[in-house]
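Colleague: Fold the following.
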Amino acid sequence: MASGRDGQIVVVLPRVLPDDYFTAVQAVSPRVRVVPIGDDEPLPPVVADADVFYRSWAIRRATVEAVLNAATHLRWLHVPSAGVDVALSPQVMAGDFTITHMVGFYDEPVAEFALTLILAAAKRLPQFVLAQQEPRWAGVRSWDRIGEENNLPILLRGKTVGIVGFGGIGRALARQLQPLHVRVLGYRREPRPDRLAETVYGPGQLGELLGQSDFVVLALPLTADTDHMFNAELIAQMKPSAWLVNVARGRLIDDDALVNALRQQRIGGAALDAFAREPLAADHPYWSLPNVILTPHAAGAFAELAELDQASFIGQLRRFLAGRPLQGIVDRTRGY
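Modeller: Predicted coordinates:
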């Protein structure tokens, strides 16, 4: 495989990556030429010959667009995340290159985070943390009650968890829930029986899952079909005691509809890790609602990620150099 200048494979990497990342990529082959780029510096002319572009979220959209405009012969764009909705700009959608993302790497950590949020909500952990900060001994008999029984910890055994988006992350969560003896329901675009769920529902059946679930977990990608999917109509189909847990994308939820439902206590609460606009504005109603748990889009962050990301990209680069099919190819028509 020959490309770029003098038969080199030109790989464009964001300068924000650690130094050993550049060294490791360069060491893959003498044919590889690593080209670092940064937000506040002119693009080197060699970017025009780029074959590969690692599209980091740490660089600005304007820089990404400049690279894509210059790299007219780009063959592979890598997105180092599970979700690729933000990366699929009209410019990318129209490009004649392969797009890959990190399939599988985020399944277990995001599922663990979702499980943490479920447990925190079930055991009313935020109330204990707030009492600790005062400090106040928040014994059961002295709790300030939102609604009597709604403020007491609940037992997960026998409860139902509905997982909307029964792909890699959703199935990983279902596996992690097994020792807790909960009932798992799944929902996916193309439903099929799965040993990890009692039932997997499909389009037109989401209401059946919502009406049975004590916890509804959102783990599906953001696409044109799922944008603001959880509106007032769907939220109204949830059980009055149910919690909505979002470890996917903020725009899956109609914020106004959810705020209204929470204020009126039409659902038990919400544990949210992703938001339509991030950082979440300081005056957003979510901050002041007592039945809400907020985390700063942290579900996919874990200490081992950098090492796994580097190993994954280098493995993919070796496949690219050998002319072998890449893994985790994004379907532009589906958006994931």
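Colleague: mean confidence score for stretch 108-128?
Modeller: In this model, stretch 108-128 has a mean pLDDT of 96.
Colleague: for stretch 9-23, that is, sorry about that
Modeller: On average, stretch 9-23 scores 96.
Colleague: residue ranges with poor pLDDT in the stretch 101-250 of the chain?
Modeller: For the stretch 101-250 of the chain, the stretches flagged by pLDDT under 70 are 140-150.
Colleague: what about the strands in it?
Modeller: Using DSSP state E, counting those that start in this stretch, the strands of the stretch 101-250 of the chain run over residues 160-164, 183-187, 199-201, 215-218, 243-246.
Colleague: can you tell which of these is closest to Y21?
Modeller: strand 243-246 (31.0 Å; CB to CB). Every C-beta, even on glycine, is put in place using the N, C-alpha and C of the backbone.
Colleague: What is the closest one packed up against?
Modeller: Using 3 or more CB pairs under 8 Å, 6 or more residues apart in numbering; DSSP states H and E as the contact test, the elements touching strand 243-246 are helix 107-122, strand 215-218, strand 269-272.
Colleague: Parallel or antiparallel, which strands does it pair with?
Modeller: Using DSSP bridges, the strands paired with strand 243-246 in its sheet are strand 215-218 (parallel), strand 269-272 (parallel).
Colleague: Of those strands, flag the one that's most buried.
Modeller: Highest mean neighbour count among the strands paired with strand 243-246 (mean count of other CB atoms under 10 Å): strand 215-218, with a mean of 28.
Colleague: Please state the offset of it from the chain centre?
Modeller: Taking the mean of its C-alpha atoms, strand 215-218 sits 14 Å from the chain's own mean (CA atoms, centre = their mean, to the nearest Å).
Colleague: where along this protein do the helices fall?
Modeller: 19-26, 61-70, 90-93, 107-122, 125-133, 168-177, 206-210, 232-235, 255-263, 305-322 (DSSP state H).
Colleague: Could I get those in JSON lines, plus columns for mean neighbour count and distance to A219?
Modeller: What follows is the helices of the chain, written out as JSON lines (neighbours: other CB atoms under 10 Å; distance: least, CB to CB, whole Å):
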{"stretch": "helix 19-26", "mean neighbour count": "14", "distance to A219": "29"}
{"stretch": "helix 61-70", "mean neighbour count": "16", "distance to A219": "26"}
{"stretch": "helix 90-93", "mean neighbour count": "12", "distance to A219": "24"}
{"stretch": "helix 107-122", "mean neighbour count": "21", "distance to A219": "7"}
{"stretch": "helix 125-133", "mean neighbour count": "14", "distance to A219": "21"}
{"stretch": "helix 168-177", "mean neighbour count": "22", "distance to A219": "4"}
{"stretch": "helix 206-210", "mean neighbour count": "19", "distance to A219": "13"}
{"stretch": "helix 232-235", "mean neighbour count": "16", "distance to A219": "16"}
{"stretch": "helix 255-263", "mean neighbour count": "17", "distance to A219": "17"}
{"stretch": "helix 305-322", "mean neighbour count": "16", "distance to A219": "18"}
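Colleague: how about the ones you listed, which one is nearest L196?
Modeller: The nearest among those, by CB to CB, is helix 168-177 at 3.9 Å.
Colleague: tell me the angle of the closest one relative to strand 183-187?
Modeller: Between helix 168-177 and strand 183-187, the angle comes out at 170 degrees (axes from the mean of the first three to the mean of the last three CA atoms, to 10 degrees).
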